[in-house]
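Student: I need the structure of the sequence given here:
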Amino acid sequence: MIRTWLELPPVGIFATLIALYFGMTLLLVIVAFRRPFANRVQHLSGVVAPFFGAVALLFALLVGFLASDIGDRNRQALRAVHAEAAELRNIYTLSVASVSDMRTIRTALKSYAEAVVSDEWPAMAYDRPSPRTDAAYDDLLREVSNPSIARSASNAVHTALLSATVRLGTVRNDRLSIAADHTNDLKWLMVIILGLFTQVAIGLVHLDRIRAFSAALVLFSSAAVVALGIVALQEYPFYGAFKLSPAPIAHIESLPETVTPRNGN
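Tutor: As a prediction, this is how the structure comes out:
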């Protein structure tokens, strides 16, 4: 349920929050000041204001922790994308700097980048694997592992190519694990429920006047909708309103496969 809500477009996310919190506001007004519940609820008047502060503080802390977790995950995702692009560039540069012809490596490299951008990136939004990208990475690793590279370009170049390719696989796995992370779903449920409890707490300290009761709930509901909505838009870093761009990886596709050898031959 939470995941379905988080995957809605921005309008859907905000509309759901508005319906939930303002609907709760209307319900509380009816229960507190309309028959047949009003008489019983009014007997609860006298709850002191600091009681509301305790519940609101707990809600605020959890929202802050959740926003911090989401921000940290987005930073990790950004670092993973740029690290992956950097390793692709390292492999490309090493293949160009070598005196031997490594056109097949550059071809496999561009095939991998194209598979990530056109196939794996959209698949991450649906938690689906990308067999095409798996095969492209395997092809790249197979080309880089060719023993003839050490003979024609030196062991140092071959080792550097292998290391960069292995690191590429590692940062790709980091990116995929971040995209598949849904551990915040339970935290979202806790935050939303605590927001509703905070509304009840606000109502308990304003039972004497319906206008103050309504104004306090409307103000809190508006703040909760804005805060939770903006945080929710950033929940998934690879899709949604603020999704990361695959442009750093896509740039590798624009690099030429055929280059002039460094020795001029």
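Student: how deep is the spatially closest residue to D127 that is not a sequence neighbour tucked in, by neighbour count?
Tutor: In space, D127 comes closest to A180 once its chain neighbours are excluded; the distance is 5.8 Å by CB to CB, 6 or more residues apart in numbering. All C-beta atoms are positioned from the backbone trio N, CA, C, and that covers glycine. Using other CB atoms under 10 Å, A180 is surrounded by 11 other residues.
Student: pLDDT score for A180?
Tutor: Listed pLDDT for A180 reads 89.
Student: show me the contacts for T16.
Tutor: W5, L8 (CB atoms under 8 Å, 6 or more residues apart in numbering).
Student: same deal with the one 4 residues further on?
Tutor: L20 makes contacts with I192, L196, as judged by CB under 8 Å, 6+ apart.
Student: Return the backbone torsion pair for P246.
Tutor: phi -80, psi 10 (degrees, to the nearest 10).
Student: just how off-centre is the lengthiest helix in the chain within its chain?
Tutor: Counting residues, the longest helix found in the chain (DSSP state H) is helix 49-97. From the chain centre to the centre of helix 49-97 is a distance of 8 Å (CA atoms, centre = their mean, to the nearest Å).
Student: Need the contact partners of the very next helix or strand once past it.
Tutor: On the C-terminal side of helix 49-97, the nearest following helix or strand under DSSP states H and E is helix 103-115. When contacts are defined by CB under 8 Å, 6+ apart, helix 103-115 is touched by residues 88, 91-92, 95-96, 130, 132-133, 135-137, 139-140, 142-144, 161, 249-250, 252-253, 255, 257-258.
Student: Isn't I202 up against A216?
Tutor: Yes - with contact defined as CB atoms under 8 Å, I202 reaches A216; the gap is 5.0 Å.
Student: between those two, which one's more packed in?
Tutor: Per other CB under 10 Å, whichever of I202 and A216 has more neighbours is I202, with 22 against 18.
Student: Which strand or helix spans that one?
Tutor: Per DSSP H and E: helix 185-204 holds I202.
Student: With L8 instead?
Tutor: Under the assignment here (DSSP H and E), L8 is part of no helix and no strand.
Student: do the same with A164
Tutor: Assigned by DSSP H and E, A164 falls in helix 155-179.
Student: quick check: angle from that helix to helix 49-97?
Tutor: Going by axes from the mean of the first three to the mean of the last three CA atoms, to 10 degrees, helix 155-179 is angled at 150 degrees with respect to helix 49-97.
Student: start the count at 21, not 1, going forward
Tutor: Taking 21 as the first residue, the last one we looked at is helix 175-199.
Student: So which of the contacts of helix 123-135 sit within helices?
Tutor: Per DSSP H, the contacts of helix 123-135 map to helices at 108, 111-112, 115-116, 152-153, 155-157, 159-160, 162-164, 181, 269-270.
Student: list the helices and strands the helix holding A184 packs on?
Tutor: Other helices and strands packing on helix 175-199, by 3 or more CB pairs under 8 Å, 6 or more residues apart in numbering; DSSP states H and E, are helix 69-117, helix 151-164, helix 168-173.
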